[in-house]
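S.K.: Attaching a predicted model along with its sequence, questions to come.
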Amino acid sequence: MALLEVQDVHSYYGSIHALKGVSISVDQGEIVCLIGGNGAGKTTTLRTISGLISPHVGTIFFEGEDLLAVPAHDLPAKGIAMVPEGRGVFAKLTVEENLEMGAFHRNDKAGILQDIKESYELFPRLGERRKQVAGTLSGGEQQMLAMSRALMSKPRLLLLDEPSMGLAPVLVDLIFDTVQEINRQGTTILLVEQNALMALDIAQRGYVIETGRIVLAGNAQKLKDDPQVKEAYLGG
Ligand SMILES: Nc1ncnc2c1ncn2[C@@H]1O[C@H](COP(=O)(O)OP(=O)(O)OP(=O)(O)O)[C@@H](O)[C@H]1O
Ligand SMILES: [Mg+2]
């Protein structure tokens with residue numbers, strides 16, 4: 001049984017038919033990437049999985065449980081966390097307060113403190129800025145914080161929406177390395193990226209989405225060698 005099974009999902013914004021039958025499965029322990037151009041439906045797919053949009057048609061199962069019956073605010077407790085596009089940190093709260101918010105459904109104080117410590121080990125930059133309000137962090141630091149905050153809920157599945165967006169190359173490398181490290185530590189990852197080459201490099205499998213439909217799927221290495229993918233997403 002797959003950890004996450006999305007089947008034939010159709011999602012709308014009013015009359016706009018954004019997802020037209022999306023099916024994606026993610027197995028325990030994998031990094032799976034979802035690539036595609038602007039407006040293809042990547043964010044909508046993650047928003048639908050995380051319960052922020054209710055699909056008109058389709059099913060979503062997580063560990064065999066019907067996710068469409070679970071309210072979005074209960075997802076962290078179920079083991080799913082999302083780092084949204086644009087990061088969504090609480091600008092007026094400090095780094096440390098943001099991390100505490102990520103653990104809102106937990107009540108194991110000692111465990112929370114330990115996990116905050118581990119966030120600072122994963123990203124020392126955050127430790128140095130623990131009392132700084134998040135709105136004044138750089139884009140890269142906000143990405144680190146958004147990822148760390150998501151990890152505070154101890155997810156089994158982490159949904160990442162374009163973590164490399166707007167970052168300098170050296171920070172992009174750091175974020176991709178960290179995604180791999182988080183995966184090695186046991187978290188399954190569904191990664192949305194426009195940086196298709198790097199995403200396919202760290203993923204085991206990938207899906208390509210175009211105008212709300214999955215048009216290609218399979219082994220990440222094979223997708224990298226696919227002429228259609230090369231032409232459209234890897235610069236030929
Ligand atoms: N709130 C909204 N209201 C109406 N239409 C929307 C809304 N959000 C997204 N859309 C439309 O749904 C489609 C899919 O958008 P989505 O944000 O999922 O794309 P994306 O693949 O994440 O693109 P990008 O790479 O630019 O982030 C687009 O045509 C977009 O215009
Ligand atoms: Mg998007």
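M.R.: Nice, thanks for sending it over. Treat the numbers as computed from the prediction; the structure is a model and nothing was measured. Ligands and ions are numbered 1, 2, ... in the order given.

S.K.: interface residues of this protein facing ligand 2?
M.R.: By C-beta under 5 Å from the ion, the residues of the chain that approach ligand 2 are 42-43, 85. In short, each C-beta sits where N, CA and C put it, glycine included.

S.K.: most surrounded residue in these?
M.R.: Using other C-beta atoms under 10 Å as the neighbour criterion, Lys42 leads the residues of the chain next to ligand 2 with 23 neighbours.

S.K.: Name the SS class of the closest residue to that one other than its chain neighbours, please.
M.R.: In this structure, Lys42 finds its nearest non-sequential neighbour in Val192, 4.4 Å apart by C-beta to C-beta, 6 or more residues apart in numbering. Going by DSSP: H, G, I helix; E, B strand; the rest coil, the secondary structure assigned to Val192 is strand.

S.K.: Surely Val192 touches Thr43?
M.R.: Yes. The pair Val192 / Thr43 is scored as a contact, 6.9 Å apart, by C-beta atoms under 8 Å.

S.K.: shared neighbours, these two?
M.R.: In terms of C-beta atoms under 8 Å, 6 or more residues apart in numbering, Val192 and Thr43 are both contacted by the residues 85, 161.

S.K.: all helices of the chain, in order?
M.R.: Using DSSP state H, the helices found in the chain span residues 42-49, 75-78, 95-101, 109-122, 124-128, 139-151, 169-184, 196-202, 220-225, 227-233.

S.K.: For ligand 1, find the nearest of those helices.
M.R.: Proximity to ligand 1, assessed across these by C-beta to the nearest ligand atom, is greatest for helix 42-49 (3.2 Å).

S.K.: Determine how far that closest one lies from the middle of the whole chain.
M.R.: Its chain's C-alpha centre and that of helix 42-49 lie 10 Å apart, by C-alpha atoms, centre = their mean, to the nearest Å.

S.K.: Domain boundaries for the protein, per the record?
M.R.: What automatic domain parsing lists as the domains of the chain is 1-79+156-236, 91-154.

S.K.: okay if I get these as JSON lines plus mean pLDDT?
M.R.: As requested, the domains of the chain are exported to JSON lines (pLDDT from 0 to 100):
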{"stretch": "domain 1-79+156-236", "mean pLDDT": "95"}
{"stretch": "domain 91-154", "mean pLDDT": "95"}
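
S.K.: Can you name the residues that contact the most centrally placed residue in the chain?
M.R.: What sits nearest the mean C-alpha location of the chain, by C-alpha atoms, centre = their mean, is Leu160, with 1.5 Å. Leu160 sits next to 82-83, 147, 179, 189-192 when contact means C-beta under 8 Å, 6+ apart.
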